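Novice: Curious how this folds, go ahead:
(2 chains)
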Amino acid sequence: MKIITGNDLKSGAVTWWDGKGWSLSVNDAVEVADDAAAIIAGEEATRRVNGAYIIDAEKTDAGIRPAHIKERIRALGPTVRLDLSLDPSATPDRVL
Amino acid sequence: MYSYDHYDQAMVDARVAEFRDQTRRRIEGTLSEEKFRPLRLQNGLYLQLHAYMLRVAVPYGTLSSAQMKVLGDIADKYDRGYGHFTTRQNIQYNWIKLEDTPDILADLAKVEMHAIQTSGNCIRNISSDQYAGATPDEIIDPRPYAELLRQWSSFHPEFLALPRKFKICVIASDTDRAAMKLHDIGIQMVKNDAGEVGCAFYVGGGMGRTPFIAPQIKAFVPLDQLITYAEACLRVYNRYGRRDNKYKARIKILVHELGLDEYSRQVEEEFAHLLNQDIEPPLAELERIKAHFADPAFEQGLSDDLDLSNPKFARWVKANTAPHKVPGYTIATISLKPVGGIPGDASADQIRLMADLAKDYSFDELRVTHAQNIVLPHVKKADLFVLWEKLVAADLATANLNAITDIIACPGLDYCSLANARSIPVAQKISQRFTDNGKEETLGELKLKISGCINACGHHHAGHIGILGVDRKGTENYQLLLGGSEGADTSLGQITGPGFNEDGIVDAIDKVTDFYLAERQEGERFLDTYRRLGMAPFKEVIYG
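Specialist: Numbers count the residues shown, from 1 in each chain, chains lettered A, B, ... in the order given. Okay, here's the model as predicted:
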């Protein structure tokens, strides 16, 4: 699946497009189809997100798993400080 | 240490006000990200994996207690309770909010600090020897010259849009503790045959994807021509450095492609021209700066005796202290590399404690080292045991300076948007392995450095053992390098062969260090044995 991620303009927090707005949880991310570019342009114009882009991901039993390790680290937090993760279920196994 | 005059303070305060307005306009929408990005970068604000990251300048690594305390307070008030000391002798915060940044910069300005020129294609923070002004092996304190260069390079209108970033280092000792020859310009304070102090210039060093050791281009520049000569070096680079390809834009590529002779010829031509332009600051200004770096009020006639009956204290003294120029004093390094910890990280409480210890035991002064540790430069030996006990209580007394567990590691893929692989977990595994197997102390000096990408912020080229993380088809892979050094005997490490996964790289280091222990001759460090034997037997041990 294709999903959109970016960073919140004011806080810099990693955010995920949930179909209506931006969520801090990757599990709220929704599949985007051909309208991804329009969503990104519109959301950046209203300054609800900064530097948005499309990534590959897959749905798993544990939730939505970005394809690349960099995006999984963005989703769950630094593997060396998972105590700082926004997701209480974050474990090194889920990141890796 | 240097204290701002009203010009310095006015410049920094004006910059805070300017950035506050720019941030407001960005949040309100009258500034696009495209226009705002270079403005925030000029104030040290990056957007990294998890949040904004703020890099705060620590000029030549020198801090007062009051400044260090504010760094701890910022970690608590605006970040998540910790900071990360960097290989540029700076500090970074990983969880900064854009909307808080003007307030952070205002807090910094109150203690004469800022984040200006910690990013962008300009002259970055000047680095220096962390033992400056304390060590007996320097010919002069290099910090006044580093400060003069800081003032010259701050907001220099000609050098704010260079082809690429530019790093300068100043040292005054043959024992290079600052990786001087791996800078764009390395300056070593020297004495000529007449006993006069001047500067030897090395130009075109650097790490990154194309590492070079800076060659010497001028053996002696008189002190009253220091800025003029530096300006000539920069002018030639600014004129001919490549702007079409960021990977070939550093001065090391220009010096390499032009050739040292031609680059030097052009610098000399420019230098001769500039000598007639009267751009050198008056020596009175240098004297004004020097007065800020006068020795503190050392007590005289103190004993060098130390009670080393506590074995743990004795080990820390042996590993983490260095000779001081004044009898009865020592230079103490606080390791930010606890066993299995994150290299360079310190909690807000630890940062504030180090500030207090500097106030009580080191004439109010601290230094950040490029190896991501903290130095208390002037500790009375009579106070050393009490100091150590306080460090022990705060988990800051790891006795491992320059040991295999004193690892330099960049933030890597855990934090950095440029990284290809994680650095910190590898450092943690090596630290734990070599502590558990007891080899750390046996190995002696062994500098291990890890970078999570080819940009080499973790100085992997200069490690006796270096590790470079790469992305191999979406999987982290680690290349092993041997034989690098950042000291007076600067050399670049060579890749051993195919890379490893995270566990494999730790096993490979175990093998090469076992081989070293079996082969070393009396007094040889790992690096010495490697240089004597060459790569081949080490490769054989690793790959069979």
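Novice: Near chain A, which residues of chain B? Just list them.
Specialist: Applying Cβ under 8 Å from any Cβ of the partner chain, we find that chain B lies next to chain A at B:26-27, B:29, B:33, B:47, B:49-52, B:80, B:95-99, B:342, B:413-415, B:417, B:419, B:422, B:424-425, B:428, B:474-476. All C-beta spots, glycine's among them, are computed from the backbone N, C-alpha and C.
Novice: Point out the residues in chain A that sit beside chain B.
Specialist: Near chain B, when you scan chain A using Cβ under 8 Å from any Cβ, you find A:7, A:9-14, A:44, A:47, A:50-51, A:67-70, A:73-74, A:77-81, A:84.
Novice: Residue A:23 and residue A:16: what is the separation?
Specialist: 5 Å (Cβ to Cβ, to the nearest Å).
Novice: who's more crowded, the two?
Specialist: For the pair residue A:23 and residue A:16, the greater number of neighbours falls to residue A:16 (26 against 15), based on other Cβ atoms under 10 Å in any protein chain shown.
Novice: what's near enough to touch the closest residue to that one other than its chain neighbours?
Specialist: Excluding its sequence neighbours, the residue lying closest to residue A:16 (Cβ to Cβ, 6 or more residues apart in numbering or on different chains) is residue A:29, at 4.0 Å. For residue A:29, the contact set (Cβ atoms under 8 Å, 6 or more residues apart in numbering or on different chains) comprises A:3, A:4, A:5, A:16, A:17, A:18, A:23, A:57, A:64.
Novice: Check residue B:427 too.
Specialist: B:342, B:343, B:407, B:409, B:450.
Novice: 10 Å instead?
Specialist: Listed by Cβ atoms under 10 Å, 6 or more residues apart in numbering or on different chains, the contact partners of residue B:427 are A:80, B:337, B:340-344, B:405, B:407-410, B:412, B:448-450, B:458, B:467.
Novice: quick one: residue B:446 and residue B:466 touch, right?
Specialist: No - under the criterion of Cβ atoms under 10 Å, residue B:446 is not in contact with residue B:466, lying 11.6 Å apart.
Novice: out of those two, which sits in the more crowded spot?
Specialist: Taking other Cβ under 10 Å, residue B:446 and residue B:466 do not tie; residue B:466 has more neighbours (28 against 22).
Novice: Which other helices and strands does the top strand by length along chain A contact?
Specialist: Identified as the longest strand of chain A according to DSSP state E is strand A:50-60. Strand A:50-60 sits against strand A:2-7, strand A:14-17, helix A:36-45, strand A:63-66, helix A:69-76, helix B:33-41, with contacts defined as 3 or more Cβ pairs under 10 Å, 6 or more residues apart in numbering or on different chains; DSSP states H and E.
Novice: same thing but 6 Å
Specialist: Helices and strands touching strand A:50-60, by 3 or more Cβ pairs under 6 Å, 6 or more residues apart in numbering or on different chains; DSSP states H and E, are strand A:2-7, strand A:63-66.
Novice: Can you pull out the low-pLDDT segments for the stretch 251-400 of chain B?
Specialist: Scanning the stretch 251-400 of chain B for pLDDT under 70 picks out no residues.
Novice: how about the strands in it?
Specialist: Applying DSSP state E, counting those that start in this stretch to the stretch 251-400 of chain B gives strands spanning B:321-323, B:329-334, B:345-347, B:365-368, B:374-380.
Novice: Mind listing the strands the longest one pairs with, and their directions?
Specialist: Within its sheet, strand B:374-380 is paired with strand B:329-334 (antiparallel), strand B:365-368 (antiparallel), according to DSSP bridges.
Novice: Make JSON lines out of the strands of the stretch 251-400 of chain B and add mean neighbour count.
Specialist: As requested, these are arranged in JSON lines below (neighbours: other Cβ atoms under 10 Å in any protein chain shown):
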{"stretch": "strand B:321-323", "mean neighbour count": "18"}
{"stretch": "strand B:329-334", "mean neighbour count": "24"}
{"stretch": "strand B:345-347", "mean neighbour count": "22"}
{"stretch": "strand B:365-368", "mean neighbour count": "26"}
{"stretch": "strand B:374-380", "mean neighbour count": "24"}
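Novice: Would you mind putting these into a markdown table with distance to residue B:207 alongside?
Specialist: Converted to a markdown table, these look like this (distance: least, Cβ to Cβ, whole Å):
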| stretch | distance to residue B:207 |
| --- | --- |
| strand B:321-323 | 25 |
| strand B:329-334 | 23 |
| strand B:345-347 | 22 |
| strand B:365-368 | 19 |
| strand B:374-380 | 23 |
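Novice: Show me the beta-bridge partners of the residue most central in space within chain A.
Specialist: Residue closest to the average C-alpha location in chain A (Cα atoms, centre = their mean): residue A:16, at 3.7 Å. Residue A:16 has the following beta-bridge partners by DSSP bridges: residue A:5, residue A:23.
Novice: Report the contact partners of it.
Specialist: Residues near residue A:16 by Cβ atoms under 6 Å, 6 or more residues apart in numbering or on different chains: A:5, A:23, A:26, A:28, A:29.
Novice: Among the residues you listed, pick out the one closest to residue A:89, please.
Specialist: Ranked by distance to residue A:89 (Cβ to Cβ), the contacts of residue A:16 are led by residue A:26 at 10.9 Å.
Novice: before we move on, which element is residue B:63 in?
Specialist: strand B:62-64 (DSSP states H and E).
Novice: packing partners for the helix or strand following that strand?
Specialist: Next along the chain after strand B:62-64, taking DSSP H and E as the criterion, comes helix B:65-77. If contacts are counted by 3+ Cβ pairs under 6 Å, 6+ apart, helix B:65-77 sits against helix B:348-361.
Novice: Neighbouring strands of the strand holding residue B:63 in the sheet, and parallel or not?
Specialist: Note on strand B:62-64: by DSSP bridges, its sheet partners are strand B:365-368 (antiparallel).
Novice: mind saving the C-alpha coords of the strand it pairs with as CSV?
Specialist: C-alpha atoms of strand B:365-368 as CSV (Å, rounded to 0.1, in the frame of the first residue of the first chain):
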residue,chain,number,x,y,z
GLU,B,365,35.5,25.9,33.0
LEU,B,366,34.6,22.8,30.8
ARG,B,367,35.5,21.7,27.4
VAL,B,368,33.6,19.5,24.9
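Novice: how distant is it from the center of its chain?
Specialist: Distance, stretch centre to chain centre, for strand B:365-368: 12 Å (Cα atoms, centre = their mean, to the nearest Å).
Novice: residues making contact with that strand?
Specialist: Residues outside strand B:365-368 that contact it (Cβ under 6 Å, 6+ apart): B:58, B:61, B:62, B:63, B:68, B:85, B:89, B:130, B:358, B:374, B:375, B:377.
Novice: now these as JSON lines including distance to residue B:241?
Specialist: Below are these laid out as JSON lines (distance: Cβ to Cβ, whole Å):
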{"residue": "B:58", "distance to residue B:241": "27"}
{"residue": "B:61", "distance to residue B:241": "27"}
{"residue": "B:62", "distance to residue B:241": "30"}
{"residue": "B:63", "distance to residue B:241": "33"}
{"residue": "B:68", "distance to residue B:241": "36"}
{"residue": "B:85", "distance to residue B:241": "30"}
{"residue": "B:89", "distance to residue B:241": "25"}
{"residue": "B:130", "distance to residue B:241": "30"}
{"residue": "B:358", "distance to residue B:241": "40"}
{"residue": "B:374", "distance to residue B:241": "35"}
{"residue": "B:375", "distance to residue B:241": "34"}
{"residue": "B:377", "distance to residue B:241": "36"}
